[in-house]
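In: pasting the sequence and the predicted coordinates here, then a few questions.
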Amino acid sequence: MKAIFQENIQKGNVILPELDAHKVCEAFGIDCPPTKLVTTREACVEAGNQMGYPVVIKIFSKQIIHKSDAGGVIVGIQNAEALSESYDCMMQTVAERCPDAIIEGVVIQKMMSKGIEVVVGALKNEQFGPVIMFGMGGIYIEVFKDVAFRLAPITVDEAKRMIEETKIYELLKGVRGEKASDIDALAAMLVNVGKLIATHDEIREIDFNPIICYPDGCVAVDARFVLNTQ
Amino acid sequence: MNEASINAFFTPRGVAIIGASARQGSPSNQILKYSKEMSLTGNVFPVNPTAKEIEGLKCYGSLLEIPETVDLVVISVGASKALNVAYEIKERREAVGDAGAVAIVSAGFKELGTEEAIALQDEMIATIKSCGARVIGPNCQGVVDIYNGINTTFSVPPVTLKGGLTIISQSGAFATSYLRWAKDHKLVGINKFVTLGNMADVDVTETLAFMADDERTKVIAMYLEGTTDARKLMDVAKSVTSKKPIVAIKAGRTAAGSNVAHSHTASIAGDDNIYDGAFKQVGIIRANTIAEFYHTGRVFDKMPIPKGNRICILTVVGGPSTICVDALTETGEAQLAHFSDELVTSVQAVLSGNANVGNPDGYIDMTASITPVMHKDALALLMADDSIDGIIFITTPPGFIGSEDLAKAIEEGYNAVPEEKRKPLFSVLMAGNAVGDCRVMLEEKGFPTFEYPDEAARVMINMIRYSNYLKHNGVDERM
């Protein structure tokens, strides 16, 4: 695990690339959406069939920073036929818009269905050391500030108390006949993220926003690791 | 030389006041007066080269001239003269072996932020520490130990009551205002009082750790501005709260995080948010207002910790009690107790026919047709019922019941059960100074009183929080 961080720090990466982030998550028992790097249309379709639709595909190239501008992101692909077409279409567009880029492949990822969106974060604080956060997820977290903090690492019981402290907990319990989300899985994820930040000097911040919670588990859709590059 | 223990601040065999002044109305005169007045041994030694005698005590030209043992040195001279005192402390400690505790009341050091003032503080502290002496301050009011008759402050009155509350404060004025607030109605009895000032040596964490094992300290009230190692503070606090409650008020609630954020997390992780979470994690009860801080600190000294969160409201006034119920149930941490049919029947039997018992559940309005006996009997029944974890009694004492009779009825009702069945009882007397004598009587009997019912509710919630913390962390509830 250390090697992944060290390698990226040496390269000067502030943010851990997605596929590396997924490897870290897997090692720490944090579920991410099924994701695969493929290099041919056939492999892409096979991967799509395996993970199930809908899927999203993203171009994988170090030279392309703004993937959407380059035509390197296609979302909402519903079946194998559409996936095959999308693959060709993307390759063509990207080649036109970024003729000098070296294309290493295409990342295909399963699009997650709707659920309760929460955020799990962690950081190193000058005074407190490793700290973990839980709360309402999405892009408005700075507005609602429905979050709870603890010093990491934490126990499962403490993780549950953190969850119960927030307003989003009411939604996780299920309102108006909705099924309750898997709070045990969420608490386990909090414990694991706490372990991760507390045991790795290489990590400065962790941001899983959103994590989508379902009645049978929760999935970190966007796993962001900010590295300690100093 | 060996490093002195912090204990020397609270149990000195002799106290030297460097810079003691004969000028009435000056802090350096007041410190000497209070020290002298409170001292159990009479071993208080003013030091001032320009006087032979101050306040009836023999005055010495320097610390080195005092022939008796001096464990605590209080420095109350101008900043420019303090360095010289530091060298005298070193000399004395190396020659005689005492002078292990130094409280520096003088200001004009690091808090000014100038290079010169910082250098002065650094040299002064390094000199004192080099011989193993310990320093509280500078820029503080030092320490008080009511039981041991120690008072280095110029504002804690020697008449302050004895009790189990220990105050640790990064602000001298904040701490002394607590005691002044409490004085008229005898709301607080204290054990120790430590103001930390610039924390050049002894800091809030070390003081907290010391109080964990201090037997007379039953509860700690802490005013916190910040510390360089908040992690360590929390680690220590965790071990303290398993033994006794800590109530904290922290300044800087609205300060935003200073990090340049790369993530959502960092953008909202202000230090205060983290303090808030860390306090919960280690069982520190955070007060949001000064009144809540003062009351929460003192109720833990006077009342047992509730076993659960089921609270009964016993009242003679309708409207204010509804406000109390609102405040009590607002956070979801407390609930109104459930009355059994047997309890309802037995309470009805001791009250007037107009009384409302149990509507809503957990609520009793005795109405204005009341006698002291009714108070006593109703309280006794509520105290004996194990499905009630705490009681808030709300009244505007009517003219036809004397203060003494009311106070006695409350005491007898409360004491009707054996000690192990006791639970917190808060008395809200809603008539301001008109019931001042009744408040004092109750406080003297050990019953905390309040002016406002919503405040009493919030303080009850704070007690419940601590009770919950102990349960969650496997610490047995203590009476």
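Out: Arrived safely, thanks for sending.
In: C-alpha only now, for contacts and for neighbours.
Out: Fine.
In: for residue B:72, grab phi and psi.
Out: phi -120, psi 130 (degrees, to the nearest 10).
In: so what's it bridging to?
Out: Under DSSP bridges, the beta-bridge partners of residue B:72 are residue B:15, residue B:101.
In: how close does it sit to chain A?
Out: As defined by C-alpha to the nearest C-alpha, to the nearest Å, residue B:72 lies at a distance of 32 Å from chain A.
In: what about that residue, how many neighbours?
Out: Summarising burial for residue B:72: neighbours were counted as other C-alpha atoms under 10 Å in any protein chain shown, giving 28.
In: cool, and residue B:418?
Out: Neighbours of residue B:418 under the rule other C-alpha under 10 Å: 10.
In: any idea how far it lies from chain A?
Out: On the measure of C-alpha to the nearest C-alpha, residue B:418 and chain A end up 35 Å apart.
In: please apply the same query to residue B:15.
Out: 36 Å.
In: for residue B:146, same thing?
Out: Residue B:146 sits 34 Å away from chain A when distances are taken as C-alpha to the nearest C-alpha.
In: is the spatially closest residue to that residue that is not a sequence neighbour part of a helix or strand, or is it coil?
Out: With sequence-adjacent residues excluded and distances taken as C-alpha to C-alpha, 6 or more residues apart in numbering or on different chains, residue B:146 is closest to residue B:191, at 5.5 Å. Three-state call for residue B:191 (DSSP: H, G, I helix; E, B strand; the rest coil): strand.
In: hang on, isn't residue B:191 packed against residue B:148?
Out: No. With contact taken as C-alpha atoms under 8 Å, residue B:191 and residue B:148 are classed as non-touching, separated by 9.0 Å.
In: so if I had to pick from these two, which one is more boxed in?
Out: When residue B:191 and residue B:148 are compared on other C-alpha under 10 Å, the one with more neighbours turns out to be residue B:191, at 24 against 16.
In: I'd like to know how many residues surround residue B:26.
Out: When neighbours are defined as other C-alpha under 10 Å, residue B:26 has 12 of them.
In: one more: the one 5 residues further on?
Out: Other residues near residue B:31 come to 25 when the count uses other C-alpha under 10 Å.
In: residues contacting the spatially closest residue to residue B:356 that is not a sequence neighbour?
Out: Of all residues not flanking residue B:356 in the chain, residue B:365 sits nearest, at 5.0 Å (C-alpha to C-alpha, 6+ apart). Residue B:365 sits next to B:314-318, B:355-357 when contact means C-alpha atoms under 8 Å, 6 or more residues apart in numbering or on different chains.
In: residue B:281 too?
Out: Contact partners of residue B:281, counting by C-alpha under 8 Å, 6+ apart, are A:150-151, A:158.
In: do the same with residue B:107
Out: B:78-79, B:138-140.
In: quick check, pLDDT for the residue nearest to residue B:356.
Out: The confidence metric pLDDT takes the value 96 at residue B:365.
In: where along chain A do the strands fall?
Out: When secondary structure is read from DSSP state E, chain A shows strands at A:35-38, A:55-60, A:73-77, A:105-110, A:116-125, A:129-136, A:147-151, A:203-214, A:217-220, A:223-227.
In: which residues touch the fourth one?
Out: Spelled out, it's strand A:105-110. For strand A:105-110, the external contacting residues (C-alpha under 8 Å, 6+ apart) are A:33-40, A:44, A:47-48, A:51-61.
In: repeat that for the second one.
Out: Counting contacts by C-alpha under 8 Å, 6+ apart, the residues outside strand A:55-60 that touch it are A:48, A:67, A:72-78, A:87, A:90, A:103-111.
In: before we move on, back to that, only the buried subset of the contacts of strand A:105-110, as a ChimeraX command please.
Out: Per 16 or more other C-alpha atoms under 10 Å in any protein chain shown, the buried members of the contacts of strand A:105-110 correspond to this ChimeraX selection:
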select /A:33,34,35,36,37,38,44,47,48,51,52,53,54,55,56,57,58,59,60
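In: what sits against the residue of the stretch 251-400 of chain B at minimum distance from chain A?
Out: Distances between the stretch 251-400 of chain B and chain A by C-alpha to the nearest C-alpha are smallest at residue B:277, namely 4.6 Å. Applying C-alpha under 8 Å, 6+ apart, one finds that residue B:277 lies in contact with A:148-151.
In: looks to me like it is in a helix.
Out: Yes. In this structure, residue B:277 lies within a helix as judged by three-state DSSP.
In: just to revisit the earlier point, of the contacts of residue B:365, grab the buried ones for ChimeraX.
Out: In ChimeraX, a selection of the buried entries from the contacts of residue B:365 looks like this (16+ other C-alpha under 10 Å):
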select /B:314,315,316,317,355,356,357
